[in-house]
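[1] pasting the structure only:
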């Protein structure tokens, strides 16, 4: 994993972006942000599992489906299965040590109570 500061590569409203094998952060101080880096490491694992290119195809297709579902860009982004897994586990720094393969599938469906 290589962490690179790329202020102008990161879209407005975001602080990190992962393109295997690189993690791009918007600001220098995010190098030391363990939560952000852990979130992005989870995306690295997801990208490896799906052999990188299929990850991005799935990511954008799921985003489009969620956008139709929620009609709100932020809600659509937050409900992508890859993001749901990363946000749910970004504070669990040992998560990747015990994470089963394809765990993002557990976050694909939104359970309604």
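    Cool, the structure landed. Keep in mind it's a predicted model, so treat the numbers as computed, not measured.

[2] give the rounded mean pLDDT of the helix of greatest length in the chain.
    Scanning the chain for the longest helix, with DSSP state H as the assignment, gives helix 53-70. What helix 53-70 shows for mean pLDDT is 97.

[3] run through the neighbouring helices and strands of the helix or strand residue 96 falls within.
    Per DSSP states H and E: residue 96 is located in helix 95-98. Judged by 3 or more C-beta pairs under 8 Å, 6 or more residues apart in numbering; DSSP states H and E, the packing partners of helix 95-98 are helix 34-49. Bear in mind the C-beta positions are built from the backbone N, C-alpha and C, glycine included.

[4] and the helix it packs on, what's buried?
    36-47 (16 or more other C-beta atoms under 10 Å).

[5] possible to save these as a markdown table with distance to residue 25 and pLDDT?
    Output for these, formatted as a markdown table (distance: C-beta to C-beta, whole Å; pLDDT from 0 to 100):
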| residue | distance to residue 25 | pLDDT |
| --- | --- | --- |
| 36 | 7 | 97 |
| 37 | 8 | 96 |
| 38 | 13 | 97 |
| 39 | 11 | 98 |
| 40 | 8 | 98 |
| 41 | 12 | 97 |
| 42 | 15 | 98 |
| 43 | 13 | 98 |
| 44 | 13 | 98 |
| 45 | 18 | 98 |
| 46 | 18 | 98 |
| 47 | 17 | 98 |
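
[6] returning to what we had before: what mean pLDDT does the helix holding residue 96 have?
    98.

[7] ok now that helix, how far from the chain's centre?
    16 Å (C-alpha atoms, centre = their mean, to the nearest Å).

[8] quick revisit: just the buried residues of helix 34-49 now: which is nearest residue 81?
    Nearest to residue 81, judged by C-beta to C-beta, of these is residue 46 at 9.0 Å.
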